[in-house]
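> What follows is a protein structure lacking sequence information:
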């Protein structure tokens, strides 16, 4: 199926869901702009993504995914991004085949307790952190509807290029799970292993060289838990290339 030109014009910016007809559940959320992008997912690509695997599974069962339009006639691409991200947060990325939560996640779904900490509690300047920590930025894989095991796993896996000395000597024994500059979980680091060596709730196809994961314990009473991390000028701590950073700097 494809949309006619007239229908494309009427749709404008729109957000769609790919639906498994066997249970009528949305398994992927996307956005498009007056085109047939929603149907491009069904083309025969050599792709091992979770989305492609789900499509193959549905088709192997003798049926095909359905496209549902979730919102259309949106005023701009930015609005479409916001709607897409809100729907992903509502369903929970762990229940979808999307790789990331979407755009605008700094204003995305969080608990009332977290948003209160974000705006009401005194921030911590990262230059004041003296304890040896590793901050892992997990905003792309974190979901407020995730289980504790899932949050733990997306914090500890699968990091590239972690310092061999820090791994072997355990010089940094504290892991901070950071979402939009807020420390949402703190874990002790008991040991490092090659990626894929320990039990995980996350499914991954293969593990590239030089990727690592740690094992540890949740620390409910750490003083940084629930704190907003800021730079010396008061700006929020932002994610760095590679996805993690060491403290003290």
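All right, it came through fine. None of the values given here were measured: they were computed from a predicted structure.

> Look at the residue nearest to residue 79 when sequence neighbours are not counted and report its pLDDT.
Sequence neighbours aside, residue 13 is the residue nearest to residue 79 in space, at 6.7 Å (criterion: C-beta to C-beta, 6 or more residues apart in numbering). From N, CA and C alone the C-beta is placed, and that goes for glycine too. On pLDDT, residue 13 comes in at 94.

> Then residue 154?
Per-residue pLDDT puts residue 154 at 94.

> Can you verify it is assigned to a helix?
Yes. With DSSP: H, G, I helix; E, B strand; the rest coil as the criterion, residue 154 is part of a helix.

> Run a quick neighbour tally on the closest residue to it other than its chain neighbours.
Counting by C-beta to C-beta, 6+ apart, residue 154 lies nearest to residue 141, which is 4.2 Å off, once chain neighbours are set aside. Neighbour count for residue 141, taken as other C-beta atoms under 10 Å: 21.

> How many residues are close by residue 6?
Neighbours of residue 6 under the rule other C-beta under 10 Å: 8.

> got the phi/psi numbers for the residue nearest to residue 79?
Main-chain torsions, residue 13, degrees, to the nearest 10: phi -70, psi 130.

> What distance do you get for it to residue 31?
7 Å (C-beta to C-beta, to the nearest Å).

> So which of these two has more stuff around it?
Taking other C-beta under 10 Å, residue 13 and residue 31 do not tie; residue 31 has more neighbours (24 against 20).

> quick one: which helix or strand includes the more buried one?
According to DSSP states H and E, residue 31 maps onto strand 25-33.

> remind me which residues of this protein are low pLDDT?
For the chain, the stretches flagged by pLDDT under 70 are 44-48, 101-108, 110-111, 114-115, 117-119, 121, 205-206.
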